[in-house]
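> only the shape, not the letters, is given here:
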Ligand code: KG4
Ligand code: ZN
């Protein structure tokens, strides 16, 4: 398959609660449209059935908007990339069926992409910035995953450690719910923490082995603290919300950064990257800047490529093709799919 430029890729992401489409020329982004589904807010978390229904309603307008923004007609496309997994089965199905039918209609190949690999490879979207050399160590932190990876090439990633219970984003979201904050709670805690004292409350850090993470103990510690203090003062939560947010954020970030630095040291790799929705967190970004001062090369994606988007799906498909990947006839979505496959 010829890969000369221009090579226009339409990319589609629908693994969770964002319906997203992007258009790229190889690794250069031409359009990036993300429609976040508002319907979940009132339920305090993603409702899978509502998510797939909203994807069905949004996918055509979102694709249309991306092609419009890129000023590319569908006949000019060379390939269609889509998120094959991991993710919510119904949500994945909408994107996978649409993308493959669209590609078949145009007689062009379709490429199923691993969502977590794509979060890592968002760093390769070419905007003239410096790009990490391989191998590098990547901390992938999202609502569903917390993984420390050694990234050897665009296609080969090894898990050094991962969470044994909740993902970091899930911990942010669940604790935010205890604080009475709306979903998704991560950005809400981040915002509130700006006004709080991170040393107001001290929470224990878990003793997970090696490069594994654990966040369920923190969640329980916060719950017990709130329950205990509310018995003495019914207004405890309202009066201490910002301090609680700042202290929780500091603890989660400290757990993440300590393991990340230890993993980089252990691998003897001085290049560190962040990926996934939680890398939008301001305290995490601040702590990574400190690692830069210690001599590490640190790569932090722009905000818009941290949370779910289709640009990362498109750039991953491009690198799969560059590395000799042969597109398949039909690919069923995979709700579970190891990043090492
Ligand atoms: O990667 P992503 O968009 O979706 C998944 O694949 O999970 O990540 C979403 C997660 C949510 O848990 C959300 O609360 C968290 O990323 N998040 C944040 C921030 N922005 C998004 N967590 C902490 N601070 C933020 N600023
Ligand atoms: Zn994601």
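Sure thing, it's come through. These numbers were taken from a predicted model, which means no experiment stands behind them. Numbering: from 1, shown residues only. Ligands and ions are numbered 1, 2, ... in the order given.
> setting aside sequence neighbours, what's the nearest residue to residue 98?
Sequence neighbours aside, residue 59 is the residue nearest to residue 98 in space, at 5.2 Å (criterion: Cβ to Cβ, 6 or more residues apart in numbering). All C-beta spots, glycine's among them, are computed from the backbone N, C-alpha and C.
> quick check, residue 269 in contact with residue 138.
No: in terms of Cβ atoms under 8 Å, residue 269 does not count as a neighbour of residue 138; the distance is 10.2 Å.
> kindly list the main-chain dihedrals of the residue of the stretch 101-250 of the chain found nearest ligand 2?
Among the residues of the stretch 101-250 of the chain, residue 142 lies closest to ligand 2, at 4.3 Å counting by Cβ to the ion. Here is the backbone geometry of residue 142 (degrees, to the nearest 10): phi -140, psi -170.
> show me which residues of the stretch 101-250 of the chain sit near ligand 2.
Within reach of ligand 2 by Cβ under 5 Å from the ion, the stretch 101-250 of the chain has these residues: residue 142.
> the longest helix seen in the chain: what's the following helix or strand?
Across the chain, the longest stretch assigned as helix under DSSP state H is helix 236-267. Counting by DSSP states H and E, the next helix or strand C-terminal to helix 236-267 is strand 271-275.
> please state the offset of that next one from the chain centre?
Relative to the centre of its chain, strand 271-275 is centred 13 Å away, using Cα atoms, centre = their mean, to the nearest Å.
> what comes into contact with that strand?
With Cβ atoms under 8 Å, 6 or more residues apart in numbering as the test, strand 271-275 has contacts from 119-120, 122-123, 132-133, 135-141, 151, 260-261, 264, 284-285, 288, 291, 296-301, 306.
> what strand or helix carries residue 221?
In the assignment (DSSP H and E), residue 221 maps to helix 216-232.
> check which residues of that helix are buried.
For helix 216-232, burial by neighbour count (16 or more other Cβ atoms under 10 Å) applies to 217-219, 221-222, 225-226, 229.
> then stretch 333-341?
By neighbour count with 16+ other Cβ under 10 Å, stretch 333-341 contains the buried residues 333-334, 337, 339.
> from these, which single one is nearest residue 157?
For the buried residues of stretch 333-341, the residue nearest residue 157 by Cβ to Cβ is residue 339; the value is 5.3 Å.
> that closest one: which element?
If you go by DSSP H and E, residue 339 is not part of any helix or strand.
> how about the longest helix of the chain: buried residues?
236, 240-257, 259-261, 263-264, 267.
> how far off centre is it?
18 Å.
> so what's the model's average confidence on that helix?
The average of the pLDDT scores along helix 236-267 is 98.
> next: stretch 67-77.
When pLDDT is averaged over stretch 67-77, the result is 98.
> what do you get for stretch 194-201?
The predicted model gives stretch 194-201 an average pLDDT of 98.
> can you tell if that stretch touches ligand 1?
No: using Cβ under 6 Å from any ligand atom, stretch 194-201 never reaches ligand 1; the gap is at least 10.8 Å.
> how about residues contacting that stretch?
Contact with stretch 194-201 is made by 225, 240-250, 282-283, as judged by Cβ under 8 Å, 6+ apart.
> could you report the distance from residue 87 to ligand 2?
Applying Cβ to the ion, to the nearest Å, the value for residue 87 to ligand 2 is 8 Å.
> which one is that residue nearest to, not counting chain neighbours?
Nearest non-adjacent residue to residue 87, counting by Cβ to Cβ, 6+ apart: residue 15, 2.8 Å away.
> wait, the one you found sits on residue 88?
Yes: if you go by Cβ under 8 Å, residue 15 and residue 88 touch, sitting 6.7 Å apart.
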